[in-house]
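**Q** coords below, sequence missing:
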């Protein structure tokens, strides 16, 4: 392959990478921009909640919409597909409310860090993980454990 063809291939690959990064970025939207099916789900799911905002992104080739809510003082983010089906729910929970094995698993994974926020992660109606924000000095990282308190093989 000559130099010109190599440069052309490199430019195409770079362009595709940039396109995929731009497509994956979340962008804020207004409620009136939600598809009717998503609006219907938001209305049902936000009863008694304060709506903080909406966003959309393309994930794995599918458009998703997210409603950011506050319910009884804690956050709840609901992701939906274009048909209004709930795909994922991230809901803030207190560390003290967790089952003992989950609390122990998060504490062990946090090590010397301090757990500042914990969320339950539900996909397609099934609890699949707990996610915690851990702070160590100025650094911040996220850890996840399954409903059994064991570290996950891969992030959810």
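**A** Okay, I see it. Everything numeric here is computed off the predicted structure, so don't read it as measured data.
**Q** which parts of the protein are helices?
**A** Ranges of helices in the chain, per DSSP state H, are 3-24, 36-45, 100-110.
**Q** list the residues that contact the residue nearest the centre of the chain.
**A** Against the mean C-alpha coordinate of the chain, by CA atoms, centre = their mean, the closest residue is residue 90 at 6.7 Å. Residue 90 is in contact with 75, 76, 77, 119, 120, 121, 122, 131, counting by CB atoms under 8 Å, 6 or more residues apart in numbering. From N, CA and C alone the C-beta is placed, and that goes for glycine too.
**Q** residue 2 now?
**A** Contacts of residue 2 (CB under 8 Å, 6+ apart): none.
**Q** now do it, the pLDDT please.
**A** Looking at residue 2, its pLDDT is 70.
**Q** how about residue 96: what's its closest non-neighbour residue?
**A** Distances taken as CB to CB, 6 or more residues apart in numbering place residue 103 nearest to residue 96, at 7.7 Å, with adjacent residues excluded.
**Q** that neighbour: what's it in contact with?
**A** Contacts of residue 103 by CB under 8 Å, 6+ apart are 95, 96, 149.
**Q** quick check: the first one touching residue 106?
**A** It stands for residue 95. Yes. Between residue 95 and residue 106 there is a contact under CB atoms under 8 Å: 7.2 Å.
**Q** find residues that contact each of those two.
**A** Common neighbours of residue 95 and residue 106 (CB under 8 Å, 6+ apart) are 115, 118, 132.
**Q** the first one is in contact with residue 136, isn't it?
**A** Going back to what we said before, that points to residue 115. No. Using CB under 8 Å, residue 115 is not in contact with residue 136, being 10.7 Å away.
**Q** where does this structure dip in pLDDT?
**A** Residue ranges of the chain with pLDDT under 70: 1, 3-24.
**Q** recalculate using a threshold of 90.
**A** 1-26, 59-61, 124, 137, 151-156 (pLDDT under 90).
**Q** which residues in it form strands?
**A** In the chain, the strands defined using DSSP state E lie at 27-29, 50-59, 62-71, 74-81, 86-93, 114-123, 126-136, 139-145.
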